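Undergrad: pasting the structure only:
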């Protein structure tokens, strides 16, 4: 097990907080979703107008009623896809040869779609239109190539960006304008122009996802479409009847199974509203309140700054859906502070990244994925909030334990009393900022719709920001008056909220291709069958080679299936945000776990947790890399440390699969108590083993035994829990007694 200072990294005591411009650049580098152009002049005003209009549209519909399902989604997509190519720059290829190869691949795919359209509709089209289809596909193919002369890489849109923006808005705007003809009058009998716009939609969604999210998700979308078209040519169980471009357009563009499916539906309602609330809440000073409360709660204890980081990131994660943005926003304050108090840069950055990723699993907001889960499973959101409490607590307990043991190993004290604010003073300055959050959570728990709760959260955030100005004349001078949402700051926040939703909308539209293809071809059942078959074969082999019948085939097969699914989740989540990762895995992988009789909600929570882990899992640990950018530590080693600090998030899913009572499913008091005890002992054992310290340094044999016993405690067999728990308690008690006999003194 590692020790931070003995690996060549010394604490940096002179580290200062980064400038805001540096932090913004760091977010852009590691968070594709926030890589916006810095626009100027008339274009800036135009984009601001569209963004503010989109935010106002969503605020109005949240409070006064949504449009019909298709209209609401198409209006949202019209504005988002029109903004996308103006707001997001073209990316320069880090490896030119790879970039050119990928660009050619996209180009060939775009030309293939064009050829399929011309072949299917050629008899109904003039040669001019046919040529225009190929010209459009050629323009898209050119856009995919990393050629510098095309422009658009900096803050100024290139010459290709304008037609792309128009076409991006056009394919959804077409459905808005001709809604009655398409969905009422001619329903079931699409016209030629409907198919042409569907072809445009397919190409624009792939290119939009590529520009905002990078290559991973767009390649998945391309492969899904190719799988649908070339099913008869595929081998074995992958083969299917195949679908031509006409059938794909009808399914993916003119229905609610593809682009305008459940993923976009959730983004256009719940996600947008809570993203906007998070932006407004941060602008109104709620983030500063969280940091001060975290300092008050945890700052006085050993390794105080690191514990402040964990607690503040947990608070902040409730209003922030982006682990990278969370890491940078709170890390700008906490990482330098941790370094000044004696932690290495690597451990400081890893702590912040691990804690920030926990925000997506922390009630009451939990990020966009929880809203998607609620919609897909038909489970009220207020129930998901309660279900998530114990797993989230285990995650933060694990992180806090490791931070505490590392602080004790290094001999670090808490923060000085003068640096810790008093609760009375904190609330005197910020009490008005808690009103929107309290009201919103109350409405969620009372089973009001999430977008209505978000509506009142947004309205009250704006109104309550003016309370300091209203009360100042009557003597309330301690209130924070620097975070009033003045008209200019309000407009900026409304614009930022709309921009923050662009990438997730493009990603979910691309995920719609996979969902639509899955319903057409039965891909999910085939993938699930493969996992079940592989797990069964491997489980049978393990049962045969382990002597004395210690393993039974059913439990062994389930364990192997969980390992396979967790690996699939982590690999799929590499470079893809949590929400599209969850949607993909829920449609393809979740049915595999359902085959073992596991509660559907537990299956989805398992997938959700492992999808979140991708942000701290090398080689694509974006949150950890962003933290390393602040601390100056090695990104890859920081990612490895962050993954280990996220141990609780990695093990908790296994715990609630074996003991569903942790999710309050089929609740059994005895099972719940046993799972809580074994979970706490597991976290203590593995945290101490990883740091190599409990009350005194641990020997190598003790660390090995704690690791084995800690992993054994994940299971639910009573005899195994009793045996492993006894080993853990014995080792930790021995270590405690040793520290009493010979008190530990940290080396300077």
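TA: Arrived safely. These numbers were taken from a predicted model, which means no experiment stands behind them.

Undergrad: how about the lengthiest helix in the chain: buried residues?
TA: What stands out as the longest helix in the chain, according to DSSP state H, is helix 96-121. By neighbour count on 16 or more other C-beta atoms under 10 Å, the buried set for helix 96-121 is 99, 102-103, 106-107, 109-114, 116-118, 120-121. The C-beta positions use only the backbone N, C-alpha and C, and glycine is treated the same way.

Undergrad: helix or strand right after it?
TA: Moving toward the C-terminus from helix 96-121, the next helix or strand (DSSP states H and E) is helix 127-144.

Undergrad: which other helices and strands contact the helix or strand where residue 677 lies?
TA: Remark: residue 677 resides in helix 669-691, with elements defined by DSSP H and E. Contact partners of helix 669-691 among helices and strands, from 3 or more C-beta pairs under 8 Å, 6 or more residues apart in numbering; DSSP states H and E: helix 389-410, helix 647-658, helix 700-712, helix 718-741.

Undergrad: now those as CSV including mean neighbour count, distance to residue 179 and mean pLDDT?
TA: CSV is the format used below for these (neighbours: other C-beta atoms under 10 Å; distance: least, C-beta to C-beta, whole Å; pLDDT from 0 to 100):
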stretch, mean neighbour count, distance to residue 179, mean pLDDT
helix 389-410, 23, 42, 88
helix 647-658, 24, 43, 84
helix 700-712, 18, 56, 92
helix 718-741, 15, 59, 90
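
Undergrad: between the ones you listed, which gets nearest to residue 634?
TA: Closest approach to residue 634 among these is made by helix 389-410 (17.8 Å; C-beta to C-beta).

Undergrad: and the closest one, how far out from the chain middle?
TA: 21 Å (C-alpha atoms, centre = their mean, to the nearest Å).

Undergrad: and the following helix or strand past it, how far out from the chain middle?
TA: Once the chain leaves helix 389-410, the next helix or strand it forms, by DSSP H and E, is helix 423-430. Remark: helix 423-430 is offset 32 Å from the chain centroid, using C-alpha atoms, centre = their mean.

Undergrad: mind listing what's buried in stretch 462-476?
TA: 462, 464-465, 467-468.

Undergrad: got these as JSON lines, with secondary structure and distance to residue 278 columns?
TA: Converted to JSON lines, the buried residues of stretch 462-476 look like this (DSSP: H, G, I helix; E, B strand; the rest coil; distance: C-beta to C-beta, whole Å):
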{"residue": "462", "secondary structure": "helix", "distance to residue 278": "14"}
{"residue": "464", "secondary structure": "helix", "distance to residue 278": "16"}
{"residue": "465", "secondary structure": "coil", "distance to residue 278": "15"}
{"residue": "467", "secondary structure": "helix", "distance to residue 278": "20"}
{"residue": "468", "secondary structure": "helix", "distance to residue 278": "21"}
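
Undergrad: which of these lies closest to residue 415?
TA: residue 468 (27.7 Å).

Undergrad: my guess is that closest one meets residue 485, correct?
TA: No - between residue 468 and residue 485 there is no contact under C-beta atoms under 8 Å: 11.4 Å.

Undergrad: so who does the residue nearest the centre of the chain touch?
TA: Centroid-nearest residue in the chain: residue 578, 3.2 Å away (criterion: C-alpha atoms, centre = their mean). Applying C-beta atoms under 8 Å, 6 or more residues apart in numbering, we find residue 578 in contact with 323, 360, 367-369, 608, 611-612, 614-615.

Undergrad: kindly report the same for residue 579.
TA: Residue 579 makes contact with 263, 271, 367-369, 372, 504, 507-508, according to C-beta under 8 Å, 6+ apart.

Undergrad: hang on, residue 688 packs against residue 695?
TA: No - when contacts are counted by C-beta under 8 Å, residue 688 is not listed as touching residue 695 (9.2 Å).

Undergrad: quick one, phi psi at the nearest residue to residue 745 once chain neighbours are set aside?
TA: Nearest residue to residue 745, sequence neighbours excluded (C-beta to C-beta, 6 or more residues apart in numbering): residue 411, at 7.2 Å. Per-residue torsions, residue 411: phi 70, psi 30 (degrees, to the nearest 10).

Undergrad: from what I can see residue 411 touches residue 343, true?
TA: No - under the criterion of C-beta under 8 Å, residue 411 is not in contact with residue 343, lying 11.8 Å apart.

Undergrad: picking that back up, and the residue nearest to residue 745, how far is that from residue 382?
TA: For residue 411, the distance to residue 382 equals 45 Å [C-beta to C-beta, to the nearest Å].

Undergrad: quick one: which of these two has more around it?
TA: Taking other C-beta atoms under 10 Å, residue 411 and residue 382 do not tie; residue 382 has more neighbours (20 against 14).

Undergrad: ok, now how distant is the more buried one from residue 163?
TA: Here residue 382 is placed at a distance of 46 Å from residue 163 (C-beta to C-beta).

Undergrad: try residue 279
TA: 30 Å.

Undergrad: what about the two, which has more around it?
TA: Set residue 279 next to residue 163 and count neighbours by other C-beta under 10 Å: residue 279 wins out with 25 against 15.

Undergrad: not counting its neighbours along the chain, what's nearest that one?
TA: residue 497 (4.4 Å).

Undergrad: for burial, what's the neighbour tally of that neighbour?
TA: Count around residue 497 with other C-beta under 10 Å applied: 26.

Undergrad: contacts for stretch 178-191 next, please.
TA: 70-71, 74, 175, 194, 249-250, 254.

Undergrad: ok, stretch 199-206 next?
TA: For stretch 199-206, contacts defined as C-beta under 8 Å, 6+ apart pick out 81, 106, 109-110, 113-114, 117, 133, 136-137, 140, 164, 167-168, 170-172, 218, 221-222, 225, 245, 248-249, 252-253, 259, 506, 509-510, 512-513.

Undergrad: give me that answer again for 7 Å
TA: Residues outside stretch 199-206 that contact it (C-beta atoms under 7 Å, 6 or more residues apart in numbering): 81, 110, 113, 117, 137, 140, 167-168, 171, 218, 221-222, 245, 249, 252-253, 259, 509-510.

Undergrad: redo the helices and strands packed on helix 669-691 as CSV? Include distance to residue 331.
TA: Listed next are the helices and strands packed on helix 669-691 as CSV, based on distance: least, C-beta to C-beta, whole Å:
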stretch, distance to residue 331
helix 389-410, 14
helix 647-658, 18
helix 700-712, 29
helix 718-741, 32
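
Undergrad: for residue 637, find the nearest of the ones you listed.
TA: helix 389-410 (15.3 Å).

Undergrad: show me what the closest one packs onto, helices and strands only.
TA: Helix 389-410 makes packing contacts with helix 304-317, helix 345-357, helix 647-658, helix 669-691 when contacts are defined by 3 or more C-beta pairs under 7 Å, 6 or more residues apart in numbering; DSSP states H and E.

Undergrad: picking that back up, next one: the residue nearest to residue 745 from residue 303, what distance?
TA: 10 Å.
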